[in-house]
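Visitor: Provided below for reference: sequence and predicted model.
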Amino acid sequence: RKEVEQDPGPFNVPEGATVAFNCTYSNSASQSFFWYRQDCRKEPKLLMSVYSSGNEDGRFTAQLNRASQYISLLIRDSKLSDSATYLCVGTLSGGYNKLIFGAGTRLAVHP
Amino acid sequence: NAGVTQTPKFRVLKTGQSMTLLCAQDMNHEYMYWYRQDPGMGLRLIHYSVGEGTTAKGEVPDGYNVSRLKKQNFLLGLESAAPSQTSVYFCASTREAYYEQYFGPGTRLTVT
């Protein structure tokens, strides 16, 4: 079983739609979680950190459920520019900030 | 402020050739990492460093070596390239554990 699992998609949605991605992780020792965004042929960039209390940044909302070991990302009012691959990322303790990446979920927003 | 830079951006090698990928960061970060990204597999950690002069193995270290002689630079070496090392290589850095990692633009390597 992969340590971080995501639905690879693609999710094809019209502009203005609300879309949700889920991600599950297998290691209950994972300390911190993030969503990264990766555009085609570009490097990953941090979209947002994920906190147990949930956090929101504009149209994006992230939630963490430690009991069920899943993380979610909700995108409201999708824009064409949201088209990208979204990487779910967890960390393991060990003093070196090891990031465990999911394989990514591809989102395609169409007019 | 350039952030994290990588050279070269692209490279084609023949099987058995060697090369070194250079990663440089100007953010005074202690931690640096080398990842490879293959289709459908996500990023996998090759080697990492928690400070100048230190290196350690990640999850896929075989066939690679690294050095961190200066805090700002992290080098990844392939001594004898194999087709299985065809991939996109990303370098990343961060100032402390559990903080955001900043990635370089990547190096696309093809081994024929």
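Guide: Yep, it's here. Just so you know, these numbers come straight off a predicted model, no measurement behind them.

Visitor: Can you tell me the element the closest residue to B:Cys91 other than its chain neighbours falls in?
Guide: Spatially, and ignoring its direct neighbours in sequence, B:Cys91 is nearest to B:Cys23 (3.3 Å; Cβ to Cβ, 6 or more residues apart in numbering or on different chains). No exception for glycine: its C-beta is placed from N, CA and C like everyone else's. Secondary structure from DSSP states H and E places B:Cys23 in strand B:19-25.

Visitor: near chain B, which residues of chain A show up?
Guide: Counting by Cβ under 8 Å from any Cβ of the partner chain, chain A comes close to chain B at A:4, A:8, A:31-32, A:34, A:41-46, A:49, A:87, A:91, A:95-99, A:101-104.

Visitor: For chain B, give me the ranges with low pLDDT.
Guide: Applying pLDDT under 70 to chain B picks out residues B:1, B:97-98.

Visitor: I meant chain A, not that one.
Guide: For chain A, the stretches flagged by pLDDT under 70 are A:1, A:93-97.

Visitor: now do 90
Guide: Low-confidence segments of chain A, defined by pLDDT under 90: A:1-4, A:7-9, A:25-33, A:41, A:49-55, A:65-70, A:90-101.

Visitor: and the next element down the chain from the longest strand that chain A contains?
Guide: Looking across chain A with DSSP state E, the single longest strand is strand A:84-92. Toward the C-terminus, strand A:84-92 is succeeded by strand A:98-101 as the next helix or strand (DSSP H and E).

Visitor: tell me which strands and helices that next one is in contact with?
Guide: Counting by 3 or more Cβ pairs under 8 Å, 6 or more residues apart in numbering or on different chains; DSSP states H and E, the packing neighbours recorded for strand A:98-101 are strand A:84-92, strand B:42-49.

Visitor: Please list the residues outside the last one that contact it.
Guide: Right, strand B:42-49. Residues from elsewhere that reach strand B:42-49, judged by Cβ atoms under 8 Å, 6 or more residues apart in numbering or on different chains: A:4, A:44, A:87, A:96, A:98-99, A:101-104, B:31-38, B:55-61, B:64-66, B:68, B:74, B:76, B:89-90.
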